[in-house]
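S.K.: This is a predicted model, with the sequence first.
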Amino acid sequence: MQEAKYPMNEPAHAADTAISAPAERREALPATPEALLEAVLAANRRTTNPRLRQILDALLRHLHAFAVEVDLGYQELEVGLDFLVRIGKATGPEKHEGILLADILGLATLVGLIDAKQALAAGGTEPALIGPFWRAAQPLRENGAHIAEQGTPGERLLVVGRILSLDGKPIANARVETWQASPGGLYENQDPHQEEMNLRGRFQTDHDGRFSFHSVRPSGYAVPVDGPCGELLDAQQRAIMRPAHLHFIVMAEGYKTLATQIFDADDPNAYRDVVFGAVGSLLHRFERQPDDSFRLDLNLKLEPGTMRVPMCPLP
Ligand code: BEZ
Ligand code: FE
């Protein structure tokens, strides 16, 4: 019986020799959480991809410790699994509920900080989450163009930016993606009253690392609460607002891709962002000009490394 449960003569896996797996168990599993975890970890030891093995190992240890800590009941496990299924079902071409979940849990912000720790130590720009509203086919526009279609209400805003290396050298030909919500607090794809691709654009920096565009001052907005993430926020009795911000993703050959956001420091929600993205140095003042328009000046600093096009949540 035990031979059948823990067969020793399974076909050898290609990586077995390299990993030198420990001897297989030959006794019945003791019915304790500790023995179970040991067995579950042993079952992961032949995962050939070392990074996947490391991630799964830590995930299994933390997952088991979590279940033990909260004394998880089977019915609660069912609720959790159903929640995950519904996150998947609520995700489609219009909305990525999975990204929203990572955002409201603070996980996206944490991963961004982990990813950027060397850049941050060297004075690079702080990252911020991409969120669920970046679109893949944002229109390429000339520097100085308007990203707000005619008729978009709101206070006028000029954004003047420069893309720099950590030591302050301009980066030419960088690709700068930007998108923002309207003063009504909706992204164009959520709002039938806005033109397709309104308040979105892709720019290329000039020889001096500069880009610029005209827009309108964004306003804050509530994150979408019509799906399972909304239920979770409701159960936690959390505020659901994001402070006004503009998104940027900057990509340049020889540099790590930077995803960030610039927040309006005058928005009271800058200090209670539901997705924890409004960190430290990303709060800026939009400067009022003599003609009552606003201006935002930015320097975004990239870390040397490999450029990567991030996963885009929307077509
Ligand atoms: C956003 O910044 O676009 C965003 C981030 C998280 C949730 C919803 C929206
Ligand atoms: Fe946003």
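M.R.: Perfect, thanks for sending it. Remember, it's a predicted structure, so these values are computed and weren't measured experimentally. Ligands and ions are numbered 1, 2, ... in the order given.
S.K.: what's the residue of the chain found nearest ligand 1 in contact with, if anything?
M.R.: Relative to ligand 1, the nearest point of the chain is G131 (2.8 Å; CB to the nearest ligand atom). Just so you know, the C-beta spots here come from the backbone N, C-alpha and C atoms, and that holds for glycine as well. With contacts defined as CB atoms under 8 Å, 6 or more residues apart in numbering, G131 is in contact with 99-100, 103, 108, 247, 275, 277, 313.
S.K.: pLDDT at it, what is it?
M.R.: The model reports G131 with a pLDDT of 93.
S.K.: how many neighbours does A116 have?
M.R.: 20 (other CB atoms under 10 Å).
S.K.: which residue packs closest to it, ignoring adjacent ones?
M.R.: Sequence neighbours aside, P127 is the residue nearest to A116 in space, at 4.7 Å (criterion: CB to CB, 6 or more residues apart in numbering).
S.K.: is it true that that neighbour touches K117?
M.R.: No: P127 is beyond contact range of K117, at 10.2 Å (criterion: CB atoms under 8 Å).
S.K.: More neighbours: the two, which one.
M.R.: P127 (25 against 11).
S.K.: so what's the more buried one scoring on pLDDT?
M.R.: 96.
S.K.: follow-up on the earlier one: state the distance from the residue of the chain closest to ligand 1 to Q261.
M.R.: The gap separating G131 from Q261 is 8 Å, by CB to CB, to the nearest Å.
S.K.: what sits in contact with each of those two?
M.R.: Common neighbours of G131 and Q261 (CB under 8 Å, 6+ apart) are 247, 277.
S.K.: So the chain: which segments form each domain?
M.R.: 2-70, 108-302 (automatic domain parsing).
S.K.: so how far does the longest one reach from one end to the other?
M.R.: Using CA to CA, to the nearest Å, the end-to-end distance of domain 108-302 comes out at 19 Å.
S.K.: Can you name the residues of the stretch 101-250 of the chain that neighbour ligand 1?
M.R.: 103, 129, 131-133, 223, 242 (CB under 6 Å from any ligand atom).
S.K.: low-scoring stretches of the chain, by residue?
M.R.: 1-25 (pLDDT under 70).
S.K.: Residue nearest the middle of it, spatially speaking?
M.R.: Nearest to the mean C-alpha position of the chain, by CA atoms, centre = their mean, lies L129 at 3.8 Å.
S.K.: Next up, the contacts around that residue.
M.R.: Counting by CB under 8 Å, 6+ apart, L129 has contacts 102-103, 108-109, 112, 259, 261, 275, 277.
S.K.: From these, pick the one nearest L72.
M.R.: Nearest to L72, judged by CB to CB, of the contacts of L129 is A102 at 21.7 Å.
S.K.: So the closest one lies in a helix, does it not?
M.R.: Yes: under DSSP: H, G, I helix; E, B strand; the rest coil, A102 falls within a helix.
S.K.: so is the closest residue to it other than its chain neighbours in a helix, a strand, or just coil?
M.R.: Excluding the flanking residues, the one nearest A102 by CB to CB, 6+ apart is A108, at 4.4 Å. Three-state call for A108 (three-state DSSP): helix.
S.K.: Touching, A108 and I99? I think so.
M.R.: Yes: using CB under 8 Å, A108 makes contact with I99 at a distance of 7.2 Å.
S.K.: Please identify every residue contacting each of these two.
M.R.: With CB under 8 Å, 6+ apart, A108 and I99 have common neighbours 130-131.
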